[in-house]
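In: Got a predicted structure here, sequence first:
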Amino acid sequence: MGWIIGVLLIVVVLYLVGIYNRLVVMRNSAKNAFAQIDVQLGRRHDLVPNLVEVAKGYLQHERSTLEAVIQARNQAVAGLKAAAANPDNVAAVAALAGAENQLSGALGRLFALAEAYPDLKANQTMMQLAEELTATENKVAFARQAFNDAVMAYNNTREVFPNNFVAGNFSFLAMQLLEIEDASRREVPKVSFG
């Protein structure tokens with residue numbers, strides 16, 4: 001009878017160790033997925049000063065827009081550093097999402113303004129930078145999707161029974177999804193038949 005209890009105890013301990021290890025692997029997978037976002041957002045942030053430099057010559061009377069882009073970029077860089085240091089810090093990831101939303105809005109205003117300046121719009125360097133930024137935005141979207149998928153899987157695993165007991169006792173905290181708003185998705189398409 002004593003050996004049956006001993007075997008059951010060993011099975012329970014091994015099961016709990018398995019849960020713990022699965023949570024560690026899933027949390028690390030989410031952190032790795034964030035590292036991919038870090039690379040792509042870093043590239044995006046590096047492109048912004050080049051865009052502003054090209055636009056400066058054409059948009060001399062639009063200084064506030066250029067300054068808003070640079071300020072939003074600097075906030076996004078700071079947010080990325082904080083979130084990259086600890087991707088499972090909910091507040092840091094939320095702050096990053098907010099900073100990236102501000103940068104997206106500022107860039108949107110810059111490109112809208114550039115439409116009013118045909119010479120700037122036709123500038124080869126501006127077109128290349130805009131194309132690189134678009135490609136980078138796509139890479140960010142894919143990396144963000146992979147991160148959010150990893151976070152969702154981790155959060156689901158840590159919340160189900162009996163994993164929630166192991167997660168609670170060993171400080172496996174919930175992670176935050178990275179939600180960067182895409183203004184173009186919110187726009188109503190314009191349809192014209194005439």
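Out: Yep, that arrived.
In: For residue 124, see how far away residue 20 is.
Out: 56 Å (C-beta to C-beta, to the nearest Å). Backbone N, C-alpha and C define where each C-beta goes, glycine included.
In: Repeat that for residue 144.
Out: Residue 144 sits 30 Å away from residue 124, going by C-beta to C-beta.
In: what about the two, which has more around it?
Out: Residue environment comparison for residue 144 versus residue 124 gives the larger neighbour count to residue 144, 22 against 8, counting by other C-beta atoms under 10 Å.
In: thinking the more buried one is in contact with residue 180, fair?
Out: Yes: look at residue 144 against residue 180 with C-beta atoms under 8 Å: they come within range, at 6.4 Å.
In: Could you list the low-confidence segments of this protein?
Out: Per-residue confidence of the chain (counting by pLDDT under 70) places the weak regions at 182-194.
In: ranges for the helices of it?
Out: Secondary structure of the chain, counting by DSSP state H: helices at 2-56, 63-85, 90-114, 118-122, 124-159, 163-169, 183-186.
In: which stretch among the ones you listed comes nearest residue 176?
Out: Between residue 176 and the helices of the chain, the tightest spacing by C-beta to C-beta is seen for helix 90-114, at 4.0 Å.
In: For the closest one, name the packing helices and strands.
Out: Contact analysis of helix 90-114 by 3 or more C-beta pairs under 8 Å, 6 or more residues apart in numbering; DSSP states H and E lists helix 2-56, helix 63-85, helix 124-159, helix 183-186 as its packing neighbours.
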